[in-house]
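Asker: what would the 3D arrangement of this be:
(chains A, B and C)
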Amino acid sequence: MTDKTALTPATHTTPPAKFSHGVRKGNILQVAGQVGFLPAVEGQTPTVAGPTLREQTLQTFANVKAILEEGGASWDDVMMMRVYLTDVDHFAEMNDLYNTYFGEQGLKEAPAARTTVYVGLPKGLLIEIDALAVLG
Amino acid sequence: MTDKTALTPATHTTPPAKFSHGVRKGNILQVAGQVGFLPAVEGQTPTVAGPTLREQTLQTFANVKAILEEGGASWDDVMMMRVYLTDVDHFAEMNDLYNTYFGEQGLKEAPAARTTVYVGLPKGLLIEIDALAVLG
Amino acid sequence: MTDKTALTPATHTTPPAKFSHGVRKGNILQVAGQVGFLPAVEGQTPTVAGPTLREQTLQTFANVKAILEEGGASWDDVMMMRVYLTDVDHFAEMNDLYNTYFGEQGLKEAPAARTTVYVGLPKGLLIEIDALAVLG
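Answerer: As a prediction, the model looks like this:
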């Protein structure tokens, strides 16, 4: 019997419903959909990092990473990233940000698989990302 | 060699194509996208529980749960729920239903991670949910 | 410690960003979102198999299958397929293609679970599919 553990980094607010920002059970770690919210400030509603795709994407990466680390994982353990954008015209810029970011992370293993689709998101949000990791 | 087993609760119609409502292989259980269809009646086309988000959401939860149980799992084993809504304005109500429902399920472990995005669904459907579980 | 391996079939172009068409780690294999691109020709930009749902769906199946095989897996190992369509009116035709294709694959185990939702995709693309497999 393995326990399922909630992963709630200190930088993250309590989720707005009965779900966890991330969970780990055995060697499987699932990160919930993250958006570009700045680190939580107690008593304040979540604030998005900025109106641009760049600001939101980089903050979203940081938010996913914090959950991975809370669960003892790193980007190297990630098998799949799901990227949700609201606008097809953001694909090229997101890829540029993606390449620069992951180029700087010093990955030792193959980069994760990825699916990008275009959906609706709550007003003001341009990107959401979730991730599945398998620990070594 | 582990066998992959189809999970088809008695309450569910045969899927409309060559896919399974759920599959289990080893300790991994995947629930296919469920919607608010009432328990199947032989010879009848699937009927949605009702036109409201509330009716459809509660029926969808029941449909996911039936598949988990068919595979020997429970809500406690669920790592990830993907919630597809058609309307951003349904987010708050869905969260209320989600909190009430999971508050009543007596979860012993951390709640699952979750991603909610807004997509198109077939006419009349307001919500679809799938789930990934890892058994203990 | 298990290594994560990138799966890049000879028929596939290098991904347009730092992600892998597929990755395998231990017994988990994840296929990235595949679309109906014809086998890669060096020095040429990717070309879609054709404008019809039929052409794109069959090519997408072939592209997913190539990645599974590159990782030592087959359709029988697939637990979940996520199908992204752009038009609800394509559902019936996609199901027909799906049934015919998987009817011909000689599956020995239960078919995979599946979720189908309707999203935006880059211009000209009608379908995208990704897959999660657990090897036996």
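
Asker: what about the longest helix anywhere in chain A, near chain B?
Answerer: In chain A, assigned by DSSP state H, the helix with the most residues is helix A:53-70. No. Against chain B, helix A:53-70 shows no contacts by C-beta under 8 Å from any C-beta of the partner chain, the least distance being 8.8 Å. In this view, the C-beta of every residue, glycine as well, is placed from N, C-alpha and C.

Asker: partners of the helix or strand following that helix, with directions?
Answerer: As assigned by DSSP states H and E, the chain's next helix or strand after helix A:53-70 is strand A:78-85. Sheet partners assigned to strand A:78-85 using DSSP bridges are listed as strand A:113-118 (parallel), strand A:127-134 (antiparallel).

Asker: give me the angle between the first one and helix C:53-70.
Answerer: Using axes from the mean of the first three to the mean of the last three C-alpha atoms, to 10 degrees, the direction of strand A:113-118 lies 160 degrees away from that of helix C:53-70.

Asker: gap between strand A:113-118 and the chain center?
Answerer: Relative to the chain's own centre, strand A:113-118 is displaced by 13 Å; criterion: C-alpha atoms, centre = their mean, to the nearest Å.

Asker: before we move on, what about stretch A:73-85?
Answerer: On C-alpha atoms, centre = their mean, the centre of stretch A:73-85 falls 7 Å from the chain's centre.

Asker: give the buried residues for it.
Answerer: Buried residues in stretch A:73-85, defined by neighbour count with 16 or more other C-beta atoms under 10 Å in any protein chain shown: A:73-85.

Asker: wait, which of those residues is closest to residue B:56?
Answerer: Closest approach between these and residue B:56, by C-beta to C-beta: residue A:84, at 22.1 Å.

Asker: before we move on, the earlier item: the longest helix of chain A vs chain C: in contact?
Answerer: No. Helix A:53-70 lies out of reach of chain C by C-beta under 8 Å from any C-beta, never closer than 12.1 Å.

Asker: in that helix, which residues are buried?
Answerer: A:53-54, A:56-68, A:70.

Asker: how about stretch A:113-126?
Answerer: So, applying 16+ other C-beta under 10 Å, buried residues of stretch A:113-126: A:113, A:114, A:115, A:116, A:117, A:118, A:119, A:120, A:121, A:125, A:126.

Asker: end to end, how far does it reach?
Answerer: For stretch A:113-126, the first-to-last residue distance is 21 Å (C-alpha to C-alpha, to the nearest Å).

Asker: residues contacting residue A:119?
Answerer: A:84, A:85, A:86, B:117, B:118, B:119, C:119, C:120 (C-beta atoms under 8 Å, 6 or more residues apart in numbering or on different chains).

Asker: let's see 10 Å
Answerer: Contact partners of residue A:119, counting by C-beta atoms under 10 Å, 6 or more residues apart in numbering or on different chains, are A:84-86, A:128, B:84, B:116-120, C:84, C:117-120.

Asker: what about the helix or strand harbouring residue A:33 and chain B, any contact?
Answerer: Element membership of residue A:33 [criterion: DSSP H and E] is strand A:28-34. Yes. Judged by C-beta under 10 Å from any C-beta of the partner chain, strand A:28-34 comes into contact with chain B through A:28, A:29, A:30, A:31, A:32, A:33, A:34.

Asker: now do the contacts for residue A:57.
Answerer: Applying C-beta under 10 Å, 6+ apart, the residues contacting residue A:57 are A:36, A:49, A:83, A:85, A:90, A:93-94, A:96-98, A:101, A:126-127, A:129.

Asker: how about those residues, which pair is most distant?
Answerer: For the contacts of residue A:57, the farthest-apart pair by C-beta to C-beta is A:49 and A:96; their separation is 17.4 Å.

Asker: quick one: which of the strands paired with strand A:78-85 is nearest residue C:13?
Answerer: strand A:113-118 (14.6 Å).

Asker: thinking again about what came up before, and the residues of strand A:28-34 next to chain B as a markdown table, adding distance to residue B:11 and pLDDT?
Answerer: Formatted as a markdown table, the residues of strand A:28-34 next to chain B follow (distance: C-beta to C-beta, whole Å; pLDDT from 0 to 100):
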| residue | distance to residue B:11 | pLDDT |
| --- | --- | --- |
| A:28 | 28 | 98 |
| A:29 | 32 | 98 |
| A:30 | 27 | 98 |
| A:31 | 32 | 98 |
| A:32 | 29 | 98 |
| A:33 | 29 | 98 |
| A:34 | 35 | 97 |
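
Asker: who wins for most neighbours among the residues you listed?
Answerer: residue A:31 (31 neighbours; other C-beta atoms under 10 Å in any protein chain shown).

Asker: I'd say that one and residue A:19 touch.
Answerer: No. In this structure, residue A:31 is not within contact of residue A:19 by C-beta atoms under 10 Å, at 11.6 Å.

Asker: could you list the low-pLDDT ranges of chain A?
Answerer: A:1 (pLDDT under 70).

Asker: coming back round to it: want to throw the strands paired with strand A:78-85 into CSV with distance to residue A:24?
Answerer: Output for those, formatted as CSV (distance: least, C-beta to C-beta, whole Å):
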stretch, distance to residue A:24
strand A:113-118, 20
strand A:127-134, 9
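
Asker: quick one: which of those is nearest residue C:12?
Answerer: Comparing the strands paired with strand A:78-85 under C-beta to C-beta, the one sitting nearest is strand A:113-118, at 12.2 Å.

Asker: report the angle between that closest one and strand C:28-34.
Answerer: 40 degrees.

Asker: ok, the closest residue to residue A:101 other than its chain neighbours - contacts?
Answerer: With C-beta to C-beta, 6 or more residues apart in numbering or on different chains as the criterion, residue A:101 has its nearest non-adjacent residue at 5.5 Å, and that residue is residue A:61. Residue A:61 sits next to A:34, A:36, A:75, A:81, A:97, A:98, A:101, A:102, A:105, A:127, A:129 when contact means C-beta under 10 Å, 6+ apart.

Asker: which PyMOL command selects the buried ones in those?
Answerer: Buried subset of these, written as a PyMOL selection, criterion 16+ other C-beta under 10 Å:
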select buried, chain A and resi 34+36+75+81+97+98+101+102+127+129
